[in-house]
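Visitor: Quick one, what's the 3D model for this:
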Amino acid sequence: MKERLEQLKAEALRQIEASDALEKLNEVRVSFLGKKGELTGVLKGMKDVAPEERPKVGQLVNDTREQIEKVLEDAIRKMEKAAREAQMRAEVIDVTLPAKKSTVGHRHPNTIAMEEVERIFVGMGYEVVEGPEIETDYYNFEALNIPADHPAKDEQDTFYIGGDFLLRTQTSGTQVHEMEKGKVPIRMLAPGRVFRSDEVDATHSPSFHQIEGLVIDKHITFADLKGTLAEFAKELFGEETKVKFRPHHFNFTEPSAEMDVSCFKCGGSGCRFCKGSGWIEILGCGMVHPNVLRMSKIDPEEYTGFAFGIGLERIALLKYEIDDMRLLYENDVRFLKQF
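Guide: You can find the predicted model right below:
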């Protein structure tokens with residue numbers, strides 16, 4: 001039995017020595033140490049060994065197994081080390097080479113302008129309120145004192161979905177929803193996307209963004225409106241910015257006005273940017289019409305208020321001196337990565 005074990009050990013060591021791959025070493029392990037291996041066969045033959053010899057034979061088998069396992073493990077470690085070193089030589093990395101440049105996304109010019117406007121008005125105590133993009137005729141027109149025969153209600157200007165529903169043409173409907181809640185005083189900002197049936201060109205789009213503000217409280221006057229918007233203009237365009245108000249007409253405000261700011265490019269002296277006038281129009285505003293208050297169950301004898309509307313794209317175009325609105329929506333990375 002001892003000679004048999006010596007032969008098995010010698011054969012195993014010879015095969016280990018001759019192996020040149022991990023797969024072959026694994027075959028040696030299975031062949032000699034596996035469940036159906038040579039040493040397992042010797043142990044199964046212990047029943048033919050005299051009882052007094054079995055402990056000695058068992059010890060010899062275990063010693064042989066341990067010797068083979070030790071040599072086998074050493075061979076595997078050496079081979080794995082050699083494989084790792086070969087792989088490292090093949091996959092060497094030159095850390096002095098420039099790394100691959102990752103493309104990092106950033107905010108859109110509209111988003112930057114929106115957040116800036118919201119920051120200014122939230123700092124004045126306003127609340128940002130969002131409303132539905134699909135509105136009814138009542139909230140988009142009637143509740144804002146716009147009569148049934150008004151040109152804005154024509155299909156050539158408004159996208160009607162069906163029945164009484166349409167894509168909102170302004171975010172003023174959100175203000176009506178808030179007024180109907182009856183929780184006065186109100187200081188709110190309603191930003192969002194609006195839709196009008198316009199041809200796409202440098203200054204028009206069928207889908208764009210508006211930010212509309214509303215203040216309802218006791219003793220609100222036009223002076224409050226002027227002071228608020230003058231402060232807004234200074235925050236947005238700089239401390240030296242001047243404002244002026246020109247009379248205008250809006251159905252939902254009376255009196256109404258359009259507000260201009262002094263050209264932040266030339267300081268009001270006149271340039272290409274302001275077309276030589278020294279002034280740039282940026283928004284419409286006015287005192288909330290008493291009819292609008294009545295339709296929302298607010299007593300115009302007790303409460304007054306003002307409202308204003310800003311075209312977000314116009315702010316972005318002015319702030320970044322962009323001369324074509326279409327650039328904001330063409331998703332040209334060369335353009336967008338400038339911001």
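Visitor: Kindly check the end-to-end length of stretch 277-297 for me.
Guide: Stretch 277-297 has an end-to-end distance of 43 Å (criterion: CA to CA, to the nearest Å).
Visitor: Tell me the buried residues in it?
Guide: Applying a neighbour-count criterion of 16 or more other CB atoms under 10 Å, one finds 278-280, 282-290, 292-293, 295-296 buried in stretch 277-297. Yep, even glycine has a C-beta here, placed from its N, CA and C like the rest.
Visitor: Please apply the same query to stretch 252-269.
Guide: Neighbour count says stretch 252-269 has 252-253, 256-265, 268 buried, by 16+ other CB under 10 Å.
Visitor: again, but for stretch 172-192
Guide: For stretch 172-192, by 16+ other CB under 10 Å, it's 172-179, 184, 186-192.
Visitor: Quick one: end-to-end distance for it.
Guide: 10 Å.
Visitor: Pull the number of nearby residues for I322.
Guide: 18 (other CB atoms under 10 Å).
Visitor: where does this structure have low pLDDT?
Guide: Under the criterion pLDDT under 70, the flagged ranges of the chain are 1-2, 39-54, 57, 152, 155-156.
Visitor: pretty sure E6 belongs to a helix, no?
Guide: Yes: judged by DSSP: H, G, I helix; E, B strand; the rest coil, E6 forms part of a helix.
Visitor: And for it, the neighbour number?
Guide: Using other CB under 10 Å, E6 has 12 neighbouring residues.
Visitor: just to revisit the earlier point, okay, among the buried residues of stretch 252-269, which ones form the most distant pair?
Guide: F252 and K265 (32.4 Å; CB to CB).
Visitor: wait, isn't L283 in contact with A307?
Guide: No: at 10.5 Å, L283 and A307 do not qualify as touching, with contact defined as CB atoms under 8 Å.
Visitor: tell me the helices in the chain, going along the chain?
Guide: Along the chain, counting by DSSP state H, helices occupy 2-18, 22-33, 38-44, 54-90, 109-122, 137-140, 172-180, 222-237, 290-295, 312-319, 333-336.
Visitor: just to revisit the earlier point, identify, from the buried residues of stretch 252-269, the entry nearest to K244.
Guide: Proximity to K244 was ranked across the buried residues of stretch 252-269 by CB to CB; first place goes to D260, at 5.2 Å.
Visitor: Let me have the helices of the chain in JSON lines, adding distance to I161 as columns.
Guide: Output for those, formatted as JSON lines (distance: least, CB to CB, whole Å):
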{"stretch": "helix 2-18", "distance to I161": "81"}
{"stretch": "helix 22-33", "distance to I161": "69"}
{"stretch": "helix 38-44", "distance to I161": "80"}
{"stretch": "helix 54-90", "distance to I161": "63"}
{"stretch": "helix 109-122", "distance to I161": "25"}
{"stretch": "helix 137-140", "distance to I161": "11"}
{"stretch": "helix 172-180", "distance to I161": "14"}
{"stretch": "helix 222-237", "distance to I161": "34"}
{"stretch": "helix 290-295", "distance to I161": "23"}
{"stretch": "helix 312-319", "distance to I161": "24"}
{"stretch": "helix 333-336", "distance to I161": "32"}
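Visitor: Can you tell me which of these is most buried?
Guide: helix 172-180 (a mean of 22; mean count of other CB atoms under 10 Å).
Visitor: can you give me the offset of that one from its chain's centre?
Guide: 28 Å (CA atoms, centre = their mean, to the nearest Å).
Visitor: which secondary structure elements does that helix contact?
Guide: The contact analysis (3 or more CB pairs under 8 Å, 6 or more residues apart in numbering; DSSP states H and E) places helix 172-180 against helix 137-140, strand 186-195, strand 207-217, helix 290-295, strand 304-311.
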